[in-house]
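>>> with the sequence up front, the predicted model follows.
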Amino acid sequence: MANLTDEINLLVTLNSGYVEPLKTMLYSVQVNNPDEHIHLWLLHASLTAAEVAAIQQLTTAFGWTLSNEKVATDFAAGVPLIKRYPREMYFRLLSGQILPTKVKRVIYLDPDLLVINALRPLWEIDLQGHMLAAAVHRGVTGIVDSVNQLRLGTKTSYFNSGVLVMDLEQARAKIKLADITTAIDQHESELILPDQDILNFLYGADILEIPEEIWNYDTRKYLSYQTRSLNQHDIHWVVAHTVILHYCGMPKPWEAASDSKFTSLFLYHQQQLQRFMPTLARDPVD
């Protein structure tokens with residue numbers, strides 16, 4: 001079991017469109033996990049030097065370690081780019097092949113989320129021999145599982161790919177680019193969320209389910225969580241117990257059209273980050 005001196009490896013993959021939301025997400029990790037040692041692994045194909053430097057400024061101020069891993073443009077050249085989705089979405093699945101072999105475990109986080117409580121229990125989770133841990137967004141009835149099983153021909157629950165714990169030693173042995181490209185070529189017409197569908201289609205049987213209301217809370221579904229919990233999971237429960245809020249779907253909380261129960265929490269962290277940034281300019285970290 002890890003202890004507080006053990007570094008938590010966080011993995012993010014993105015293009016330029018999500019740099020600003022990423023900063024807010026990282027700020028939420030820091031302010032709600034201030035005593036943790038974080039190593040951020042930044043996987044991308046096209047971020048500019050200035051964008052990486054802006055992220056580096058934050059991680060340095062937090063006392064984190066940043067590894068900037070720019071993926072060679074031909075690494076995923078064989079992966080068909082499906083309309084609306086950039087190639088960076090596949091980097092999380094292929095991170096075992098991209099990251100150094102010394103990295104044994106990572107927590108992958110989408111940029112469109114907030115971390116509002118302690119991440120360490122997720123970092124220390126017993127994977128029970130599984131390659132991955134992920135949550136399922138079931139709604140009230142759980143019909144999503146049945147629909148996706150029928151669509152993809154799978155037997156497991158349909159896992160969300162926005163928060164993953166990954167055993168990279170297993171991933172290096174089991175996840176192959178050729179398998180991913182073959183699956184996309186053969187099933188492109190059935191794919192709705194390509195990387196998430198591929199995650200479930202190829203690797204669903206090797207995923208440990210973790211509670212969504214704690215580790216991957218779909219902010220669109222507040223009433224569903226309340227209903228399923230017989231009104232126990234009200235907003236007070238969420239703030240006290242939920243660790244990761246995931247702003248699934250559209251609009252995103254940084255967009256003017258967003259006005260959900262959880263929009264204000266994202267905007268608060270975004271505002272606090274904006275107030276924090278001038279202090280970096282006044283007190284640069286060597």
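Ah, there it is.
>>> so where's this structure uncertain?
Low-confidence segments of the chain (pLDDT under 70): 1-5, 73, 75-76, 78-85, 139-156, 281-286.
>>> what residue is smack in the middle of the protein?
By C-alpha atoms, centre = their mean, the chain has its centre lying nearest to L109, at 2.0 Å.
>>> list the contacts of that residue.
10-12, 25, 29, 115, 162-163, 244 (C-beta atoms under 8 Å, 6 or more residues apart in numbering). In this view, the C-beta of every residue, glycine as well, is placed from N, C-alpha and C.
>>> likewise for A133?
122, 125, 127, 164-165, 207-210.
>>> I'd like to know which elements the helix ranked longest in the chain is packed against.
In the chain, assigned by DSSP state H, the helix with the most residues is helix 263-282. Here helix 263-282 touches helix 19-32, helix 49-62, strand 113-115, going by 3 or more C-beta pairs under 8 Å, 6 or more residues apart in numbering; DSSP states H and E.
>>> report the buried residues of it.
263, 265-266, 269-270, 273, 276 (16 or more other C-beta atoms under 10 Å).
>>> now do the helices in the stretch 151-286 of the chain.
168-174, 177-187, 194-203, 212-215, 222-228, 235-241, 263-282 (DSSP state H, counting those that start in this stretch).
>>> JSON lines for the ones you listed, including distance to K70?
Listed next are those as JSON lines, based on distance: least, C-beta to C-beta, whole Å:
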{"stretch": "helix 168-174", "distance to K70": "19"}
{"stretch": "helix 177-187", "distance to K70": "18"}
{"stretch": "helix 194-203", "distance to K70": "19"}
{"stretch": "helix 212-215", "distance to K70": "29"}
{"stretch": "helix 222-228", "distance to K70": "38"}
{"stretch": "helix 235-241", "distance to K70": "37"}
{"stretch": "helix 263-282", "distance to K70": "24"}
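>>> how about the ones you listed, which one is nearest P86?
Taking C-beta to C-beta, helix 194-203 is the member of the helices of the stretch 151-286 of the chain nearest to P86, at 10.1 Å.
>>> could you tell me the angle between that closest one and helix 177-187?
Between helix 194-203 and helix 177-187, the angle comes out at 110 degrees (axes from the mean of the first three to the mean of the last three C-alpha atoms, to 10 degrees).
>>> how close does the closest residue to Y222 other than its chain neighbours get to G162?
Residue nearest to Y222 in three dimensions, not counting chain neighbours: K261, with 5.4 Å by C-beta to C-beta, 6 or more residues apart in numbering. Separation of K261 from G162 (C-beta to C-beta, to the nearest Å) stands at 19 Å.
>>> which one's more surrounded, these two?
Taking neighbours as other C-beta atoms under 10 Å, K261 and G162 compare with G162 leading, 23 against 12.
>>> does D110 really touch I244, like I thought?
No: checked against C-beta atoms under 8 Å, the pair D110 and I244 is beyond contact range at 9.3 Å.
>>> overlap in contacts, those two.
Looking at what touches both D110 and I244 (by C-beta under 8 Å, 6+ apart), the common residues are V163.
>>> mind checking how far stretch 226-241 is from the chain centre?
Put simply, stretch 226-241 sits 23 Å off its chain's centre (C-alpha atoms, centre = their mean, to the nearest Å).
>>> what residues does that stretch touch?
116-117, 140, 213-214, 217, 222, 225, 245, 261.
>>> out of those residues, which is most surrounded?
Y217 leads these on contacts (other C-beta under 10 Å) with 29 neighbours.
>>> for that residue, name its beta-bridge partners.
When bridges are called by DSSP bridges, Y217 pairs up with L245.
>>> how close does it sit to V31?
In terms of C-beta to C-beta, Y217 sits 18 Å off from V31.
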